[in-house]
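> Any chance you can model this:
(chains A and B)
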Amino acid sequence: MTLTGYLRTDGRKGIRNGIVVTYLVECAHHVAREIVHPFRSQGVQLIGFSGCYPNAYSHKMMERLCTHPNTGAALLVSLGCEGFNKSALLETVRKSGRPARLVVIQDTGGTRKSIADGQAWIEQTLAQLGATPRIEMGINELIVGTKCGGSDATSGLTANPAMGRAFDFLVEHNAACIFEETGELIGMENWMAQRAATPELGQEIIKTVGKAARYYATMGHASFAPGNADGGLTTIEEKSLGAYAKSGQSRISGIVKPGDVPITGGLYLMDMIPDGEVRFGFPNINDNAEIAEMIACGAHLVMFSTGRGSVVGSAVSPIIKVCANPKTYKRMSDDMDVDAGRILEDRATLDEVGREIYDLLIDVANGKPTKSEALGHQEFVLTYKSFEPLGPACFPSAA
Amino acid sequence: MAFFQKTDGSGVLLLAPGDNIAVATAELPEGTQREVDGQKIVLRAQVDVGHKFAVRLIPSGSRIVKYGAPIGVATRDIGAGEYVHTHNMTSDYLPTYTLEDGRQFVKEVK
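A predicted model of the protein is given here:
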């Protein structure tokens, strides 16, 4: 199957060519949202960071998203007095060869003038981006993430293992695949360690999950929503078992943290639990927090499984929704790209659904909109976290 | 960890040999009879899609095993055919958050 994408100056290729409009503090959120509104069906998307105080994690996340291969241009919206290093971010985006602009509300003269200024730039930039050609792209140039949300006991039986099969097919083609939610891999650490490329990496995986278990113990309970229990999941280990199935059967090539882009193909575990003391509350305040982090790791698209029925999409990268539960699919088929619950109704095998997800993934990469994209879902959230750099054991193939 | 490829139409799935619970792949009413792992089981409660039931006696304090992996521990004796969930098992790791905990927060606010 042929794949095409938009070539960026860093050599990476994107499967979308959107414009991100990013507010650099909550105080600039309204102006940014108003700028996006008339263009929201034309690939113009809202992202942002609410905090007023600068932080290395939020800066890295913003840099990665504004220079993501799926991002063609970026408009930064600042109130003016916030702590975010806007000139450094602007500089990074410009250096990447992308059209970029900074609107400072206090300098521009307030809400109305800033919205007009931003919208004029968007109009002009959309026309410019329309001329970008798509060129041939290898499957080995793709980065794909996987996530589960609104899980029930069918997630681990159908959608998650089927997405794991799709991951296996992708890894065979040397694409980079990222799975995550170390807080929802508690109990699976020793099994994962056995799949690590090196024994040292295996030890790092065990440490990473231990960090997650300590973090959630401080928070008072596991990464577990009441709907999970209503859906038949009883314990975090059971939920983990299902979540783990998303990773497929490939060897684990390394660990990344939010914003680290894998430089070779293979299967990667994203460690999304902040390092150091517990300071920032729940590390996954909702599903979109981790989706944004995988996208910051370069994910071109994210496969998302749901049993209870999540409807979310994302800014920057398309989300493919794989529905695990046949009853949920019947109720919410408008939101679902794949009906994996067929496996429970004797209507398909796991491998068949895995292959269907893989084929759809290629179509979506080539421009076919997913259900959540067509419905206009562009959820985005970014909160405070902090991370220490990865040690060499986390990335054996780089050595 | 090997995954099953296909269901057999019985509405019941034993995910790995040796598991002491099986999962329902269809809504199974109380009283449903099925043969699982060579044993006749009568369901003592309704079991919804994806939910699980004991396929043999699980003594209090012993591990619940699904897909060949421990997913928690029985908090009381669980008989064959009994529904298995938060009322009779618990995590070895972290507490499970339920809506009951949420009601506790509401009390704290008041």
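> show me the contacts for the residue of chain B found nearest chain A.
Chain B approaches chain A most closely through residue B:50 (3.0 Å), counting by Cβ to the nearest Cβ. In this view, the C-beta of every residue, glycine as well, is placed from N, C-alpha and C. Shown in contact with residue B:50 (Cβ atoms under 8 Å, 6 or more residues apart in numbering or on different chains): A:152, A:153, A:154, A:157, A:231, A:232, A:307, A:325, B:23, B:24, B:25.
> quick one: low-confidence parts of the stretch 1-150 of chain A?
In the predicted model, the stretch 1-150 of chain A carries pLDDT under 70 at residues A:1.
> How are the strands of it distributed by residue range?
A:3-7, A:13-14, A:18-23, A:44-48, A:71-78, A:100-104, A:135-137, A:143-148 (DSSP state E, counting those that start in this stretch).
> now these as TSV including mean neighbour count?
Output for the strands of the stretch 1-150 of chain A, formatted as TSV (neighbours: other Cβ atoms under 10 Å in any protein chain shown):
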stretch	mean neighbour count
strand A:3-7	19
strand A:13-14	22
strand A:18-23	26
strand A:44-48	23
strand A:71-78	27
strand A:100-104	20
strand A:135-137	14
strand A:143-148	27
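> wait, which of those is closest to residue A:280?
Closest approach to residue A:280 among these is made by strand A:44-48 (17.7 Å; Cβ to Cβ).
> how many degrees apart are that closest one and strand A:71-78 in direction?
50 degrees (axes from the mean of the first three to the mean of the last three Cα atoms, to 10 degrees).
> Please compute how far strand A:44-48 lies from its chain's middle.
Strand A:44-48 sits 14 Å away from the centroid of its parent chain (Cα atoms, centre = their mean, to the nearest Å).
> what do you get for stretch A:327-346?
23 Å.
> got the end-to-end distance for it?
End-to-end distance of stretch A:327-346: 14 Å, with Cα to Cα, to the nearest Å as the criterion.
> tell me which residues of that stretch are tucked away?
A:327-329, A:332, A:335-345 (16 or more other Cβ atoms under 10 Å in any protein chain shown).
> restrict those residues to those near chain B?
A:327, A:343, A:344, A:345 (Cβ under 8 Å from any Cβ of the partner chain).
> OK, contacts around the nearest residue to residue B:33 once chain neighbours are set aside?
In space, and not counting its chain neighbours, residue B:33 is closest to residue B:42: 5.3 Å by Cβ to Cβ, 6 or more residues apart in numbering or on different chains. Shown in contact with residue B:42 (Cβ under 8 Å, 6+ apart): B:31, B:32, B:33, B:81.
> and with 10 Å instead?
Listed by Cβ atoms under 10 Å, 6 or more residues apart in numbering or on different chains, the contact partners of residue B:42 are B:30, B:31, B:32, B:33, B:34, B:80, B:81.
> surely residue B:82 meets residue B:46?
No: shown here, residue B:82 and residue B:46 do not form a contact pair, counting by Cβ atoms under 10 Å, at 11.9 Å.
> what about the helices in the stretch 251-399 of chain A?
Remark: helices assigned in the stretch 251-399 of chain A by DSSP state H, counting those that start in this stretch are A:287-296, A:326-332, A:350-365, A:371-374.
> Could you dump these into CSV and include mean pLDDT?
Converted to CSV, those look like this (pLDDT from 0 to 100):
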stretch, mean pLDDT
helix A:287-296, 97
helix A:326-332, 96
helix A:350-365, 97
helix A:371-374, 98
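> Relative to residue B:87, which of those is closest?
Closest to residue B:87 of those, according to Cβ to Cβ: helix A:326-332, at 23.0 Å.
> Which other helices and strands does the closest one contact?
strand A:301-306, strand A:319-323, strand A:338-339 (3 or more Cβ pairs under 10 Å, 6 or more residues apart in numbering or on different chains; DSSP states H and E).
> how about a markdown table for those, with mean pLDDT added?
As requested, the helices and strands packed on helix A:326-332 are exported to a markdown table (pLDDT from 0 to 100):
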| stretch | mean pLDDT |
| --- | --- |
| strand A:301-306 | 98 |
| strand A:319-323 | 98 |
| strand A:338-339 | 98 |
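> would JSON lines of these with distance to residue A:218 be doable?
Converted to JSON lines, the helices and strands packed on helix A:326-332 look like this (distance: least, Cβ to Cβ, whole Å):
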{"stretch": "strand A:301-306", "distance to residue A:218": "28"}
{"stretch": "strand A:319-323", "distance to residue A:218": "30"}
{"stretch": "strand A:338-339", "distance to residue A:218": "37"}
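> hang on, the earlier thing: which ones among the contacts of residue B:50 are found in strands?
Residues of those located in strands (DSSP state E): B:23, B:24.
> Out of the contacts of residue B:50, flag the one nearest to residue A:34.
residue A:307 (36.7 Å).
> all strands of chain B, in order?
With DSSP E, the ranges of strands along chain B come out as B:12-13, B:21-24, B:33-36, B:39-42, B:52-54, B:63-66, B:69-74, B:83-84, B:89-90.
> Kindly reformat those strands as TSV and extend each row with mean pLDDT.
Below are the strands of chain B laid out as TSV (pLDDT from 0 to 100):
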stretch	mean pLDDT
strand B:12-13	93
strand B:21-24	95
strand B:33-36	93
strand B:39-42	94
strand B:52-54	97
strand B:63-66	94
strand B:69-74	92
strand B:83-84	97
strand B:89-90	94
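> Take these and write them to TSV, including distance to residue A:81.
Formatted as TSV, these follow (distance: least, Cβ to Cβ, whole Å):
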stretch	distance to residue A:81
strand B:12-13	59
strand B:21-24	56
strand B:33-36	67
strand B:39-42	68
strand B:52-54	56
strand B:63-66	55
strand B:69-74	51
strand B:83-84	57
strand B:89-90	51
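> Would you mind splitting chain A into its domains for me?
Domain assignment for chain A by automatic domain parsing gives A:18-131, A:137-398.
> how about low-confidence regions in chain B?
In chain B (pLDDT under 70), the answer is B:1-2, B:97-106, B:110.
> Break down it into its helices, ranges please.
With helices called from DSSP state H, chain B shows them at B:99-109.
> neighbours around the nearest residue to residue B:11 once chain neighbours are set aside, how many?
Using Cβ to Cβ, 6+ apart and skipping residues adjacent in sequence, the residue nearest residue B:11 is residue B:26, 3.8 Å away. Around residue B:26 there are 17 other residues, counting by other Cβ atoms under 10 Å in any protein chain shown.
> these two touch, right, residue B:26 and residue A:325?
No: the criterion here is Cβ under 10 Å, and residue B:26 misses it with residue A:325 at 11.8 Å.
> overlap in contacts of those two?
Common neighbours of residue B:26 and residue A:325, counting by Cβ under 10 Å, 6+ apart, are A:344, B:49.
> Could you measure from residue A:168 over to residue A:192?
15 Å (Cβ to Cβ, to the nearest Å).
> Compare those two and say which is more crowded by neighbours.
Ranked by neighbour count (other Cβ under 10 Å), residue A:168 and residue A:192 place residue A:192 first, with 21 against 18.
> re the thing from before, mean neighbour count, the domains of chain A: which tops it?
When you average the neighbours per residue for each of the domains of chain A (mean count of other Cβ atoms under 10 Å in any protein chain shown), domain A:137-398 leads with a mean of 22.
> How far does that one sit from its chain's centre?
Put simply, domain A:137-398 sits 9 Å off its chain's centre (Cα atoms, centre = their mean).
> got a list of what residue A:301 touches?
By Cβ under 10 Å, 6+ apart, the contact set of residue A:301 is A:15-16, A:70, A:142-145, A:294-295, A:314, A:316-320, A:360-361, A:364-365, A:370, A:373.
> returning to that earlier point: which residue packs closest to the residue of chain B closest to chain A, ignoring adjacent ones?
Spatial nearest neighbour of residue B:50, chain neighbours left out: residue A:153 (3.0 Å); criterion: Cβ to Cβ, 6+ apart.
> Please list all residues in contact with the one you found.
Residues counted as contacts of residue A:153 (Cβ under 10 Å, 6+ apart) are A:228-234, A:238-239, A:242, A:307, A:324-325, B:23-24, B:48-52, B:66, B:85.
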